[in-house]
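[1] sequence and computational prediction follow.
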Amino acid sequence: MEIGVLLFVFFSVLFGLANCFFGYPMFSTLVALWGFVLGLILGVAIGGQGSGIVVGIILGIVLGGIALAMTYVGIFFMGVGVGIVLTMTVLRALNMQPDTAQTIAIIVGLATGALTILLRKYVIIFLTAISGATGIVQGGLVLLPTTRFNPNTLEVVPANSSVAIVAVIAGFALAILGMFYQWSQAREEGFLESLR
């Protein structure tokens with residue numbers, strides 16, 4: 001397995017665990033990371049694996065800095081990122097054409113970003129748990145020899161619909177666990193009051 005693939009798996013699972021179970025108390029840090037990840041994805045999508053990685057790192061640093069400095073922008077980036085990743089995962093599992101899937105994913109992502117700002121005190125735990133679970137599952141899928149992974153677009157495509165269904169079920173189970181854990185921690189430590 002190539003070093004780039006192993007790095008993707010490592011960071012996908014690590015970032016996924018942090019988001020899924022500690023997204024609320026680590027929210028400021030994760031917002032900056034979401035800005036960085038969104039910039040990296042855009043850079044790779046624009047320039048491919050070679051120069052796109054350099055462009056992505058630069059975009060990631062810029063968007064991460066903006067996200068950290070402007071929490072609302074960061075919340076919007078997080079919502080957009082979650083919407084795009086989840087929509088692309090579902091649509092590719094359903095074998096939708098990439099161009100159509102990307103267009104739908106961008107529209108859903110923008111809508112999710114707007115919704116996240118409007119309802120932030122209710123959806124931060126929800127979205128971080130779901131995005132974290134998605135990262136964990138995607139990292140796990142890449143380890144399967146039958147999964148198609150495109151390092152140029154960071155696209156993870158399960159081998160067949162059965163694997164995709166199991167991945168979606170595993171993702172939902174992890175997301176629910178993450179939500180319950182974060183909610184219990186937030187209530188105990190009074191984090192919820194800070195967002196009112």
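    Nice, thanks for sending it over.

[2] pull the distance from the longest helix anywhere in the chain to the chain's centre.
    Using DSSP state H to define each element, the chain has its longest helix at helix 161-189. A distance of 14 Å separates the centroid of the chain from that of helix 161-189, by CA atoms, centre = their mean, to the nearest Å.

[3] list the buried residues for that helix?
    Using 16 or more other CB atoms under 10 Å as the test for burial, helix 161-189 gives 163-164, 167-168, 171, 174-175, 178-179, 181-183, 186. C-beta: built from backbone N, CA, C; applies to glycine.

[4] kindly report the same for stretch 11-24.
    Quick answer for stretch 11-24 (16+ other CB under 10 Å): Ser12, Val13, Phe15, Gly16, Leu17, Ala18, Asn19, Cys20, Phe21, Phe22, Gly23, Tyr24.

[5] contacts for stretch 20-35 next, please.
    With contact meaning CB atoms under 8 Å, 6 or more residues apart in numbering, stretch 20-35 is reached by 15, 18-19, 60, 63-68, 71, 73-75, 77-78, 81, 124-125, 127-129, 131-133, 135-136, 174-175, 177-178, 181-182, 185-186, 189, 191.

[6] meant to ask about stretch 78-93
    Here stretch 78-93 has contacts from 30-31, 34, 37-38, 41, 67, 98, 100-102, 104-106, 108-117, 123, 127-128, 130-131, 134, 138, 155-158, 161, 164-165, 167-168, using CB under 8 Å, 6+ apart.

[7] doesn't Leu141 make contact with Ser12?
    No. In this structure, Ser12 is not within contact of Leu141 by CB atoms under 8 Å, at 9.4 Å.

[8] residues touching the nearest residue to Tyr24 once chain neighbours are set aside, list them.
    Spatial nearest neighbour of Tyr24, excluding adjacent residues (CB to CB, 6 or more residues apart in numbering): Gln182 at 4.6 Å. Listed by CB under 8 Å, 6+ apart, the contact partners of Gln182 are Phe21, Phe22, Gly23, Tyr24, Pro25, Ile125, Thr128, Ala129.

[9] which pLDDT value goes with the first one?
    I take that to be Phe21. pLDDT for Phe21: 92.

[10] pretty sure it is in a helix, no?
    Yes. Under DSSP: H, G, I helix; E, B strand; the rest coil, Phe21 sits within a helix.

[11] these two touch, right, Gly39 and Gly52?
    No. Assessed by CB under 8 Å, Gly39 is found out of contact with Gly52, at 11.2 Å.

[12] can you map out the helices along the chain?
    Under DSSP H, the chain gives helices at 3-22, 27-47, 51-69, 71-93, 98-118, 120-143, 161-189.

[13] let's have those in a markdown table, adding distance to Asn150.
    Formatted as a markdown table, the helices of the chain follow (distance: least, CB to CB, whole Å):
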| stretch | distance to Asn150 |
| --- | --- |
| helix 3-22 | 11 |
| helix 27-47 | 10 |
| helix 51-69 | 12 |
| helix 71-93 | 10 |
| helix 98-118 | 10 |
| helix 120-143 | 11 |
| helix 161-189 | 16 |
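
[14] many thanks, I have nothing further to ask.
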